[in-house]
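Engineer: Pasting a predicted model and its sequence here:
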Amino acid sequence: MMSQLDFIIPNWPVPANVVALQTTRLGGVSGAPYASLNLGAHVNDDPIAVAKNRQLLSPYLPNEPVWVNQVHGIEVIDAAQSACLQNADASFTTKPNVVCVTMTADCLPVLLCDKAGTVVAAVHAGWRGLCDGVIEAAVNKLPVEHSEILAWLGPAIGPNAFEVGSEVRAQFIAKDAQAASAFQTNGNKWLGDIYQIARQRLSYLGVTQIYGGSVNEDFCTYTDATRFYSFRRDDVTGRMASLIWLAS
């Protein structure tokens, strides 16, 4: 059954001891509307199916991931020193075989590591967390120079599908004026490019090695219903996982 799982392996030039996996919705046992590899235990799926899906994932991992209770905030925890289901939207570790994870279904997953392979992090950047600075909070927690950090942007709602009102655009611009370039008019609404905003935030921090995302990959969760869950598209749906760890 392991061969049924459909992974995306991030394409970025990381050290050999940095391992990352991105799940899709394919290969699990959940029924509709969660079909099939739903890894979220908080979306009213059958708990037994979720447990089985996590069991199907486990042979690929060195340990159980440190699952967090994502609240669209900017809290960052040390995964090696935290219990599962702690309120947080990012985690990091410098310890081997500790698995950092973020779950998404339109929100932007951001994986981080350093060039020397001494630290990794997983960040849940929903639009609220992205706006409020969850990427900045995570980068600033890593015990390395920002110029040593690499970032990978995973599957999220794309720039042709993320429609928002003027108030959301205004919140981003109030935090950073350059965000204005990430929004295009769409009638009386706006289309926002959260990948572009993430790149802007990372670049401002001095993180210039940025990979993945809509520029390099076909990663729109909203338009690709075969591979990806999308909360905005389906409302009741599952969650995918972006996982990263340091191999021993």
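Structural biologist: All right, it came through fine. Bear in mind the structure is a predicted one, so any value in this text is a computation, not a measurement.
Engineer: pLDDT value on Cys84, please?
Structural biologist: pLDDT, Cys84: 83.
Engineer: so who does it touch?
Structural biologist: Contact analysis of Cys84 by CB atoms under 8 Å, 6 or more residues apart in numbering lists Glu64, Val66, Trp67, Val68. All C-beta atoms are positioned from the backbone trio N, CA, C, and that covers glycine.
Engineer: which SS class is it?
Structural biologist: coil (DSSP: H, G, I helix; E, B strand; the rest coil).
Engineer: Kindly give a single PyMOL line that selects the buried subset of the contacts of Cys84.
Structural biologist: The following PyMOL line selects those of the contacts of Cys84 that are buried, judged by 16 or more other CB atoms under 10 Å:
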select buried, resi 66+67+68
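Engineer: Make a markdown table out of the contacts of Cys84 and add secondary structure, distance to Val164 and pLDDT.
Structural biologist: Converted to a markdown table, the contacts of Cys84 look like this (DSSP: H, G, I helix; E, B strand; the rest coil; distance: CB to CB, whole Å; pLDDT from 0 to 100):
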| residue | secondary structure | distance to Val164 | pLDDT |
| --- | --- | --- | --- |
| Glu64 | coil | 36 | 97 |
| Val66 | coil | 31 | 97 |
| Trp67 | coil | 29 | 97 |
| Val68 | strand | 25 | 97 |
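Engineer: possible to save the contacts of Cys84 as JSON lines with distance to Ser91?
Structural biologist: JSON lines is the format used below for those (distance: CB to CB, whole Å):
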{"residue": "Glu64", "distance to Ser91": "13"}
{"residue": "Val66", "distance to Ser91": "6"}
{"residue": "Trp67", "distance to Ser91": "10"}
{"residue": "Val68", "distance to Ser91": "6"}
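Engineer: out of the contacts of Cys84, which one sits closest to Leu39?
Structural biologist: Of all the contacts of Cys84, Leu39 sits closest to Trp67, with 8.7 Å by CB to CB.
Engineer: Can you tell me the centre-most residue of the protein?
Structural biologist: The centre of the chain sits closest to Pro109, judged by CA atoms, centre = their mean, with a distance of 1.3 Å.
Engineer: Looking at the contacts of Cys84, spot the one nearest Glu148.
Structural biologist: Val66 (23.4 Å).
Engineer: for the closest one, what are its contacts?
Structural biologist: Ile77, Ala79, Ser82, Cys84, Ser91, Val98, Val99, Cys100, Val101.
Engineer: Determine which two of the residues you listed are furthest apart.
Structural biologist: Ile77 and Val99 (13.3 Å).
Engineer: Between the two, which is the more surrounded one?
Structural biologist: Val99 (23 against 20; other CB atoms under 10 Å).
Engineer: For Ile244, see how far away the more buried one is.
Structural biologist: Note on Val99: its distance to Ile244, by CB to CB, to the nearest Å, is 7 Å.
Engineer: same deal with Ala138?
Structural biologist: 12 Å.
Engineer: Now do the shared contacts for these two.
Structural biologist: Contacts common to Ala138 and Ile244, judged by CB under 8 Å, 6+ apart, are Leu112, Ala121.
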